[in-house]
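# no FASTA, just this:
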């Protein structure tokens, strides 16, 4: 068991005022048997009209609102404390969609060819770890060369990308090997930005695997949301009216609480 203090903040700055801004946030950590949220505080600036907590179709916690007046920036911060205990992981049958390709994990000739170079194993978890190691060895972590629209096939062919690209390739290959797998957004221990990893269905429970770091997910990770790929669980979605540009800065910090 591990206690975590978490802090996540995002600031969006606009070169000219935005208005009629509708947003949806998925920055509230999930409350699960293995991840209990002891407390949290969410602050949104400017304060929206009709801010509401809810859940999406994948069970992710959401917060939605609307800002009708002109504003030059939009920020949100969530902080609190969680308790992680992977011995308490429970499982329910995975949705069928986690076994099939999604928009960003579609099979391609390059993905199939790469998968053919990876040893096969009848044990799904061993197989997933072999895929993880192969993806890690193939890819080079480089920011700015891909986008949230980059597919697994495109990232693999370029052999460069960030955590969401590693995760999309991993998901595509697992699903090709008939292993149900899903995308996870959240925070790892330390400071920096948000992170993405995967979970595979194994013996009645979801097991976290991080292909970007070539490791199994442990109790120092904090889960925000899950889906088929990035498109299902971006931490922020929204639309506003305005003619200027937008810049975004993100800072995160997860600290292990010493017992």
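The structure has been received and is ready for your questions. Values in this document were obtained by computation on a predicted structure and should not be read as measured data.

# which stretches of the stretch 1-150 of the chain form helices?
109-115, 124-138 (DSSP state H, counting those that start in this stretch).

# Would you mind finding the most buried of these?
Among those, helix 124-138 has the highest mean neighbour count (mean count of other C-beta atoms under 10 Å), at a mean of 19. (C-beta placed from N, C-alpha, C; glycine too.)

# hmm, back to that, to residue 162, which of the helices of the stretch 1-150 of the chain lies closest?
Closest to residue 162 of these is helix 124-138 (C-beta to C-beta; 12.9 Å).

# on contacts alone, who are the packing partners of that closest one?
helix 109-115, helix 163-176, strand 195-202, strand 205-210 (3 or more C-beta pairs under 8 Å, 6 or more residues apart in numbering; DSSP states H and E).

# Out of those, which is the most enclosed?
Here the criterion is mean neighbour count by mean count of other C-beta under 10 Å, and of the helices and strands packed on helix 124-138 the winner is helix 163-176, at a mean of 27.

# just to revisit the earlier point, want to try JSON lines for the helices and strands packed on helix 124-138, with mean pLDDT as columns?
Shown next, in JSON lines, are those (pLDDT from 0 to 100):
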{"stretch": "helix 109-115", "mean pLDDT": "98"}
{"stretch": "helix 163-176", "mean pLDDT": "98"}
{"stretch": "strand 195-202", "mean pLDDT": "97"}
{"stretch": "strand 205-210", "mean pLDDT": "96"}
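
# on that earlier part again, of the helices of the stretch 1-150 of the chain, which is nearest residue 51?
Nearest of those (C-beta to C-beta): helix 124-138, 38.8 Å.

# quick one: which of the helices and strands packed on helix 124-138 is nearest residue 241?
Of all those, helix 163-176 sits nearest to residue 241, with 28.1 Å by C-beta to C-beta.

# What helices and strands are in contact with the closest one?
helix 109-115, helix 124-138, helix 152-158, strand 181-187, strand 195-202.

# and residue 215, how many neighbours?
14 (other C-beta atoms under 10 Å).

# that older thread, among the helices and strands packed on helix 163-176, which is nearest residue 17?
Between residue 17 and the helices and strands packed on helix 163-176, the tightest spacing by C-beta to C-beta is seen for strand 181-187, at 29.3 Å.

# And residue 238, which helix or strand is it part of?
strand 236-241 (DSSP states H and E).

# need the next SSE after that strand, C-terminal direction.
Per DSSP H and E, the first helix or strand lying C-terminal to strand 236-241 is strand 246-257.

# Now do that next one: which elements does it pack against?
Against strand 246-257 (3+ C-beta pairs under 8 Å, 6+ apart) you get strand 2-25, strand 190-192.

# any idea how far the closest residue to residue 133 other than its chain neighbours is from residue 144?
Using C-beta to C-beta, 6 or more residues apart in numbering and skipping residues adjacent in sequence, the residue nearest residue 133 is residue 214, 6.3 Å away. The gap separating residue 214 from residue 144 is 22 Å, by C-beta to C-beta, to the nearest Å.

# about what we covered before: want to throw the helices of the stretch 1-150 of the chain into JSON lines with distance to residue 47?
Compiled in JSON lines, these are given as follows (distance: least, C-beta to C-beta, whole Å):
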{"stretch": "helix 109-115", "distance to residue 47": "45"}
{"stretch": "helix 124-138", "distance to residue 47": "42"}
